[in-house]
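S.K.: Starting from these lines, generate the structure:
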Amino acid sequence: MDDEDAKPYVTVETFNKDRRPCKKIAAGREFSVALSAKGQVYTCGLNSHGRLGHHDAKRPVCEFKPILWFSQHAIQIKDIVAGDRH
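M.R.: Below you'll find the predicted structure:
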């Protein structure tokens, strides 16, 4: 494929084994974040600093897992971003 045929984005309708409807996906250097259509945040990645929000410090998370804290506190997330170091 040459550069003229390349698309700047890919549409993702669902993610993870449960095929949850996806609103947005963001990627950092060694992790990814997904936002479901219902406002639930999911993360996966290397987790070398234990900051993916899953209480399994410094263990890799190989598939998207929900960050339960938000739903436990009745917080619905509207947008996500990710980057190298923020």
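S.K.: Tell me which residues touch the residue nearest to the spatial centre of the chain, please.
M.R.: Nearest to the geometric centre of the chain sits Val33, at 1.6 Å (CA atoms, centre = their mean). For Val33, the contacting residues are 25-27, 41-43, 80, 82, by CB atoms under 8 Å, 6 or more residues apart in numbering. In this view, the C-beta of every residue, glycine as well, is placed from N, C-alpha and C.
S.K.: just the helices in the protein please.
M.R.: 68-72 (DSSP state H).
S.K.: Tell me, please, where in it the pLDDT is lower than the cut-off.
M.R.: For the chain, the stretches with pLDDT under 70 are 1-17, 57, 85-86.
S.K.: quick one, longest strand in it?
M.R.: strand 20-27 (DSSP state E).
S.K.: elements contacting that strand?
M.R.: strand 14-15, strand 31-36 (3 or more CB pairs under 8 Å, 6 or more residues apart in numbering; DSSP states H and E).
S.K.: Flag every buried residue along it.
M.R.: Buried residues in strand 20-27, counted by 16 or more other CB atoms under 10 Å: 20, 22-23, 25.
S.K.: Also stretch 24-43?
M.R.: Those would be 25, 28, 31-36, 40-43, for stretch 24-43 by 16+ other CB under 10 Å.
S.K.: Go through the residues you listed and name the one nearest Gly53.
M.R.: Relative to Gly53, the closest of the buried residues of stretch 24-43 is Thr43; by CB to CB it sits at 5.9 Å.
S.K.: wait, isn't the closest one in contact with Gly28?
M.R.: No: assessed by CB atoms under 8 Å, Thr43 is found out of contact with Gly28, at 9.6 Å.
S.K.: what sits against His65?
M.R.: For the record, residue 65 is Lys, not His. 42-44, 52, 54.
S.K.: For it, give the beta-bridge partners.
M.R.: When assigned by DSSP bridges, Lys65 has beta-bridge partners Thr43.
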